[in-house]
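> need coordinates for the below:
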Amino acid sequence: MSLKSLNIPNIDFVNRRHLAMIFSAVLLIASIVSLSVQGLKLGIDFTGGTLIEVGYQQTADLEEIRGKLNAANYQGTNVQYFGSDTEVLIQLEPQQVSSAKLSSSIIHMLGEGVDIRRVEFVGPKVGEELTNDGGLAMLYALIGILIYVAFRFEYRFALGSIAALVHDVIVVLGVFSALQIEFDLTVLAAILAVIGYSLNDTIVVFDRIRENFLSTRKVDPKPIINDALNQTLSRTIMTSLTTLLVLLALFYLGGEVIHSFAGALLIGVVIGTYSSIYVASSMILALGISKADMLPSEKESKEIDARP
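Now for the predicted structure:
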């Protein structure tokens, strides 16, 4: 039965994979260049320092606040609005005084009519530990995924899924580097969530590819992979669209606290959807996947035959 008779699209993804690979290569090169030249704008969670949120009764003048901080010899400061033009977030490099004395000094310097809303302090050593732990968390996640997919499917599928996940992570980091969006623990959590989301899409596609290999007499992997991509396309699009609707609401209505988190997820879901269709499938095709790789071993065949 043809895909058309089942109302399934018949898009030639496989023969367009070369264009997709060029597009992915451009994204990866641009991301790596940006990360090498500009790096990430690390937040206080990783660099250490003091974060002070203050509230004004009227619109705050950021330039005036920056001028007062510079005049008081506070170097490496970052001043920005936080949610509204009466809420200001001040980030300072690690200081030699306690956070209580520092916040009192800042309030005295800014003058009357200013309320302290929040003070957070992260030591340089803690920031360094968080950086190392965050990198290890992503590394362990990728290794665990590689082992699971290799056992669940076949090693070519494992390498294809890892290639897609590394592609997604590098592109998300590249966007944050290029736009100099602050990278903090919430963004790291978002990247780990993107890894899980992208893997879920990829596993659905891989499962259908395996089913198609086992249920057809075709030996050429290209039409088999193409059919699988078309058969799972509606599910992939619907899942991504519903997820994006929630993330757009979080991005625009969730406030500054989760703005970067929602932004990272938005980028990751879009890139993850693309990579599950083009990057992962193109990788297993390049690695030479075949019908013979999907056939069960002699022991598995006997177990299947023995089932009632």
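
> quick one: contacts for I258?
Taking CB atoms under 8 Å, 6 or more residues apart in numbering as the contact definition, I258 lies against 186, 250. Every C-beta, even on glycine, is put in place using the N, C-alpha and C of the backbone.

> quick one: it and L27, what's the gap?
25 Å (CB to CB, to the nearest Å).

> likewise for D85?
D85 is 35 Å from L27, where distance means CB to CB.

> got the phi/psi numbers for Q38?
Backbone torsions for Q38, taken as degrees, to the nearest 10, come to phi -100, psi -30.

> only alpha carbons, please: show stretch 244-264 as PDB.
In PDB, the C-alpha atoms belonging to stretch 244-264 read as follows (Å, rounded to 0.1, in the frame of the first residue of the first chain):
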ATOM      1  CA  LEU A 244       6.500  25.600  21.000                       C
ATOM      2  CA  LEU A 245       3.100  27.100  22.000                       C
ATOM      3  CA  VAL A 246       3.800  26.500  25.700                       C
ATOM      4  CA  LEU A 247       7.400  27.800  25.300                       C
ATOM      5  CA  LEU A 248       6.300  30.900  23.600                       C
ATOM      6  CA  ALA A 249       3.900  31.600  26.400                       C
ATOM      7  CA  LEU A 250       6.700  31.100  28.900                       C
ATOM      8  CA  PHE A 251       9.100  33.300  26.900                       C
ATOM      9  CA  TYR A 252       6.700  36.300  26.600                       C
ATOM     10  CA  LEU A 253       4.700  36.000  29.800                       C
ATOM     11  CA  GLY A 254       6.900  34.100  32.200                       C
ATOM     12  CA  GLY A 255       9.000  37.100  33.300                       C
ATOM     13  CA  GLU A 256      12.800  37.700  33.200                       C
ATOM     14  CA  VAL A 257      13.600  34.900  35.600                       C
ATOM     15  CA  ILE A 258      12.800  32.100  33.100                       C
ATOM     16  CA  HIS A 259      13.400  34.200  29.900                       C
ATOM     17  CA  SER A 260      16.700  32.600  29.000                       C
ATOM     18  CA  PHE A 261      15.400  29.200  30.000                       C
ATOM     19  CA  ALA A 262      12.500  29.500  27.700                       C
ATOM     20  CA  GLY A 263      14.600  31.000  24.900                       C
ATOM     21  CA  ALA A 264      17.100  28.100  25.000                       C
END
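
> now do the residue nearest to N226 when sequence neighbours are not counted: how many residues are near it, please.
Using CB to CB, 6 or more residues apart in numbering and skipping the chain neighbours, the partner closest in space to N226 is V14 (4.5 Å). Using other CB atoms under 10 Å, V14 has 19 neighbouring residues.

> got a pLDDT number for V14?
V14 is assigned a pLDDT of 82 by the prediction.

> so I116, which of the three states?
Under DSSP: H, G, I helix; E, B strand; the rest coil, I116 falls in the strand class.

> just the element for Y274, please.
Counting by DSSP states H and E, the element that carries Y274 is helix 259-277.

> ditto for R217
Using DSSP H and E, R217 is not contained in any helix or strand.

> pLDDT score for the spatially closest residue to D184 that is not a sequence neighbour?
Closest residue to D184 apart from its sequence neighbours, by CB to CB, 6+ apart: G43 at 3.3 Å. Reported pLDDT at G43 in the predicted model: 78.

> G43 is in contact with L188, isn't it?
No - applying CB atoms under 8 Å, one finds G43 not in contact with L188, separated by 9.7 Å.

> just to revisit the earlier point, which one's more surrounded, D85 and L27?
When D85 and L27 are compared for neighbours, L27 comes out ahead with 17 against 13, by other CB under 10 Å.

> contacts only, for the more buried one.
With contact set as CB under 8 Å, 6+ apart, L27 has these partners: 167, 171, 174.

> next SSE after whatever helix or strand A228 lives in?
In this assignment (DSSP H and E), A228 forms part of helix 221-231. For helix 221-231, the succeeding helix or strand toward the C-terminus, using DSSP H and E, is helix 233-253.
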